[in-house]
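Okay, structure incoming, though there's no sequence with it:
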Ligand code: UDP
Ligand code: MN
């Protein structure tokens with residue numbers, strides 16, 4: 001459970017290298033993929049849907065295109081940026097670009113159904129190695145820190161509902177690869193009654209076949225939701241420390257030592273890694289900045305900048321950072337402490353609110369919550385949650401009400417004022433949680449706000465108080481994503497090869513959502529594209545070209561790559577490829593007013609796919 005905050009994702013990019021270097025590295029990377037783990041074709045695909053696992057195809061055919069492909073994976077490799085040496089490109093990102101290529105209708109089907117079920121690109125996930133390398137995003141100082149050999153061991157608890165087979169396996173492999181064996185007691189997987197056919201059997205078989213004896217797979221009798229599913233797992237755990245993770249993550253180098261050693265120092269330290277970003281559309285892994293957890297009066301979790309002065313010296317970047325709340329999905333806690341503190345609120349359903357509940361409880365009842373900057377775990381951030389609660393309940397509201405009535409005293413009124421719709425909503429029996437609060441002799445919520453989160457603005461604040469709270473928090477100093485300026489690297493028209501027709505907006509250059517059409521080439525702003533250093537194509541420096549399922553549109557630039565990230569090689573007769581879509585810009589006929597559409601890059605009629613870039 002990790003909430004997504006857009007600003008948190010902005011402008012996070014890799015240092016770039018020149019194209020030449022990147023191409024070299026790209027081939028190196030591609031070669032190294034021959035060490036892919038052999039993954040059995042899961043039943044859910046080969047038997048049920050009669051889809052051959054593309055992962056196996058891809059690994060077998062690394063050396064070159066297979067005859068079964070309509071398209072060649074070599075194609076995207078050839079899509080060089082316009083000005084080869086002046087502008088860099090990350091080899092790692094380029095590799096992912098290649099992996100997203102939709103080669104035929106079968107790929108398209110896998111991708112579409114994957115998005116429906118999982119809200120991320122399973123085509124890429126299927127083709128990526130289960131043991132892929134990810135960038136070490138830690139501060140350099142982290143590598144110098146020596147941790148004790150004798151740390152408490154951990155049980156890792158992962159509950160999942162309808163997780164994608166390969167993505168879940170990549171989660172497990174990353175843990176097995178990057179956790180010292182003596183620190184890993186077990187990985188407890190709780191299948192929360194997923195309804196993907198054969199998923200459970202496929203997983204079970206895979207763990208047996210590969211002798212992954214540390215992985216223990218369970219399935220409760222009914223769908224429990226993530227809170228009770230985690231409890232179910234925690235109660236079966238034997239390690240000294242519990243580490244909760246989502247089912248679509250990849251842990252980074254040295255991720256567990258900082259967590260375990262901080263808990264060893266003090267049992268009541270509840271600790272979290274920095275949650276790096278795995279893009280849902282491309283599976284690119286990138287670093288997250290140092291931020292902490294907060295919330296607003298709608299009881300939504302949010303990321304926020306650190307209090308001023310938190311990062312004064314170099315060493316501060318690797319020290320534990322106190323956080324008023326946790327995002328929820330990824331954290332470590334001493335098992336005995338978890339139990340003594342009342343585990344989770346088992347009355348909560350499916351998803352939401354439990355992260356604030358445990359945050360308030362830990363702080364108010366004597367513990368602390370900290371971020372360990374040297375521990376990094378990537379998480380696939382999705383733009384929607386692809387499931388509901390079985391009975392249609394708004395579980396976020398139900399659970400939040402429980403949080404408010406158990407922990408927030410009079411401050412709950414701020415929440416209730418915001419959520420007028422919550423007034424008469426039933427929130428179940430909370431008596432045992434109130435009892436727990438009494439037994440643990442916890443501070444009240446007023447204490448929490450004054451001592452742990454004095455920066456939180458209250459609805460009753462006057463202007464001066466608001467200013468004071470605002471000024472206690474670091475503004476943009478360490479947050480590069482706010483200061484992003486768009487850097488243009490090229491300006492051109494895009495002409496269909498062999499014609500005098502150029503791509504232009506169907507409507508006005510300022511109209512969001514407008515489609516694109518072919519019109520006679522003419523030097524005008526509605527045919528003038530500006531390419532940025534992030535490979536966006538911005539028409540008249542206003543709106544970005546954005547890939548859709550069937551056709552591209554113009555849309556507000558979101559600066560997060562994916563559907564607004566394009567590749568072409570410049571010059572004459574170049575395909576124009578979109579990273580998230582895995583397809584290319586094309587038309588169905590060579591005519592004035594023909595609509596620009598997304599086509600398979602290997603379409604048998606290349607004359608509708610090749611573009612001249614006219615600088
Ligand atoms: N999950 C679960 N049962 C549910 C809903 C979610 O086991 O009824 C799992 C889900 O598979 C994931 C974790 O709980 O591993 C957190 O859910 P999700 O990733 O959807 O939340 P987000 O990260 O979007 O907040
Ligand atoms: Mn998640």
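In hand now; what should we look at? Just so we're clear, the structure is a prediction, and the values are computed from it rather than from any experiment. Residues are numbered from 1 along each chain as shown. Ligands and ions are numbered 1, 2, ... in the order given.

what sits against residue 543?
Contact analysis of residue 543 by CB atoms under 8 Å, 6 or more residues apart in numbering lists 509, 510, 512, 514, 554, 555, 556, 557. Just so you know, the C-beta spots here come from the backbone N, C-alpha and C atoms, and that holds for glycine as well.

wait, what's in contact with residue 222?
Contacts for residue 222 (CB under 8 Å, 6+ apart) come out as residue 193.

about what we covered before: inside strands: which ones of the contacts of residue 543?
554, 555 (DSSP state E).

Spatially, which two of the contacts of residue 543 are the most separated?
Using CB to CB, these reach their maximum pairwise distance at 514 and 557, which is 14.4 Å.

leaving aside the residues next to it on the chain, what's closest to residue 497?
Of all residues not flanking residue 497 in the chain, residue 610 sits nearest, at 4.1 Å (CB to CB, 6 or more residues apart in numbering).

got any ranges where the stretch 401-550 of the chain has weak pLDDT?
Residues of the stretch 401-550 of the chain that meet the criterion pLDDT under 70 lie in 476-484.

Show me where it has its helices.
For the stretch 401-550 of the chain, applying DSSP state H, counting those that start in this stretch gives helices covering 412-418, 431-439, 445-451, 463-471.

Ligand 1 is nearest to which of these?
helix 412-418 (19.7 Å; CB to the nearest ligand atom).

Any residues of this protein in contact with ligand 1? List them.
1-3, 159-161, 163, 192, 225-226, 229, 246-247, 329, 350-351, 382, 385 (CB under 6 Å from any ligand atom).

Where is the longest strand in the protein?
strand 368-381.

which parts of that one are buried?
By 16 or more other CB atoms under 10 Å, the buried positions in strand 368-381 come out as 369-381.

before we move on, what about stretch 277-294?
Applying 16+ other CB under 10 Å to stretch 277-294 flags 277-294 as buried.

hang on, the earlier thing: which of the contacts of residue 543 are buried?
Buried by 16+ other CB under 10 Å: 509, 514, 554, 555, 557, out of the contacts of residue 543.

what's the closest of the residues you listed to residue 453?
Using CB to CB, the buried ones among the contacts of residue 543 come closest to residue 453 at residue 557, 33.9 Å.

Identify the residue spatially nearest to that closest one, adjacent ones excluded.
residue 544 (4.0 Å).

For beta bridges, what are the partners of that neighbour?
Per DSSP bridges, the residues bridged to residue 544 are residue 538, residue 555.

Relative to residue 559, how far out is it?
Here residue 544 is placed at a distance of 9 Å from residue 559 (CB to CB, to the nearest Å).

Then residue 333?
Counting by CB to CB - residue 333 and residue 559 are separated by 36 Å.

Residue 570 reaches residue 613, doesn't it?
Yes. If you go by CB atoms under 8 Å, residue 570 and residue 613 touch, sitting 5.0 Å apart.

quick one: least confident helix or strand in the protein?
helix 19-32 (a mean of 29; mean pLDDT, DSSP states H and E).

so residue 262 touches residue 320, yeah?
Yes. If you go by CB under 8 Å, residue 262 and residue 320 touch, sitting 6.0 Å apart.

What number of residues are in the vicinity of residue 517?
By other CB atoms under 10 Å, the residues close to residue 517 number 19.

phi, psi of the closest residue to residue 316 other than its chain neighbours?
Among residues not flanking residue 316 along the chain, residue 310 sits closest, at 6.5 Å (CB to CB, 6+ apart). Main-chain torsions, residue 310, degrees, to the nearest 10: phi -70, psi -40.

do you know how far residue 310 is from ligand 1?
26 Å (CB to the nearest ligand atom, to the nearest Å).

Return the residues in contact with that residue.
316, 321, 474.

so how many other residues sit close to the nearest residue to the last one once chain neighbours are set aside?
The shortest distance from residue 474 to any residue other than its chain neighbours is 4.4 Å, reached at residue 305 (CB to CB, 6+ apart). For residue 305, the number of neighbouring residues by other CB under 10 Å comes to 21.

same thing with residue 362?
There are 24 residues near residue 362, going by other CB under 10 Å.

Also residue 144?
The burial count for residue 144: 8, using other CB under 10 Å.

Of the contacts of residue 310 - the most surrounded one?
Counting by other CB under 10 Å, top hit in the contacts of residue 310: residue 321 with 21 neighbours.

Just list whatever residues bridge to that one.
Residue 321 forms beta bridges with residue 371, as assigned by DSSP bridges.

could you check the distance from residue 237 over to residue 386?
From residue 237 to residue 386 the distance is 28 Å (CB to CB).

Residue 279 touches residue 378, doesn't it?
No. Using CB under 8 Å, residue 279 is not in contact with residue 378, being 9.7 Å away.

quick revisit: Serialize the contacts of residue 543 to JSON lines and add fields for distance to residue 460.
What follows is these, written out as JSON lines (distance: CB to CB, whole Å):
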{"residue": "509", "distance to residue 460": "46"}
{"residue": "510", "distance to residue 460": "41"}
{"residue": "512", "distance to residue 460": "38"}
{"residue": "514", "distance to residue 460": "45"}
{"residue": "554", "distance to residue 460": "44"}
{"residue": "555", "distance to residue 460": "39"}
{"residue": "556", "distance to residue 460": "35"}
{"residue": "557", "distance to residue 460": "38"}
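
Provide a list of residues in contact with residue 453.
294, 324.

change it to 10 Å
292-295, 304, 322-325, 359-360, 363, 469 (CB atoms under 10 Å, 6 or more residues apart in numbering).

Let me have the residues you listed in JSON lines, extended by secondary structure.
Listed next are the contacts of residue 453 as JSON lines, based on DSSP: H, G, I helix; E, B strand; the rest coil:
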{"residue": "292", "secondary structure": "strand"}
{"residue": "293", "secondary structure": "strand"}
{"residue": "294", "secondary structure": "strand"}
{"residue": "295", "secondary structure": "strand"}
{"residue": "304", "secondary structure": "strand"}
{"residue": "322", "secondary structure": "strand"}
{"residue": "323", "secondary structure": "coil"}
{"residue": "324", "secondary structure": "coil"}
{"residue": "325", "secondary structure": "strand"}
{"residue": "359", "secondary structure": "helix"}
{"residue": "360", "secondary structure": "helix"}
{"residue": "363", "secondary structure": "helix"}
{"residue": "469", "secondary structure": "helix"}
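
Name the member of these that has the highest neighbour count.
Neighbour-wise, the contacts of residue 453 (other CB under 10 Å) top out at residue 359, 29 neighbours.

Hmm, residue 445 and that one touching each other?
No. Counting by CB atoms under 10 Å, residue 359 does not reach residue 445; the two are 11.9 Å apart.

Confirm that residue 260 sits in a strand.
No. Assignment of residue 260 by three-state DSSP gives helix, placing it outside any strand.

On the pLDDT front, check the residue nearest to it when sequence neighbours are not counted for me.
The shortest distance from residue 260 to any non-neighbouring residue, by CB to CB, 6+ apart, is to residue 151 (4.1 Å). Here, the pLDDT recorded for residue 151 equals 98.

quick one: what helix or strand has residue 151 in it?
Assigned by DSSP states H and E, residue 151 falls within no helix or strand.

my guess is it meets residue 332, correct?
No. With contact defined as CB under 10 Å, residue 151 does not count as touching residue 332 (11.2 Å).

so where's the stretch 51-200 of the chain uncertain?
51-96.

Do a quick rundown of the strands in it.
If DSSP state E, counting those that start in this stretch is used as the criterion, the strands of the stretch 51-200 of the chain fall at 154-160, 184-191.

which of the ones you listed is buried the deepest?
strand 154-160 (a mean of 25; mean count of other CB atoms under 10 Å).

Note down every partner strand of that one and its orientation.
Strand 154-160 is paired, per DSSP bridges, with strand 184-191 (parallel), strand 241-245 (parallel).
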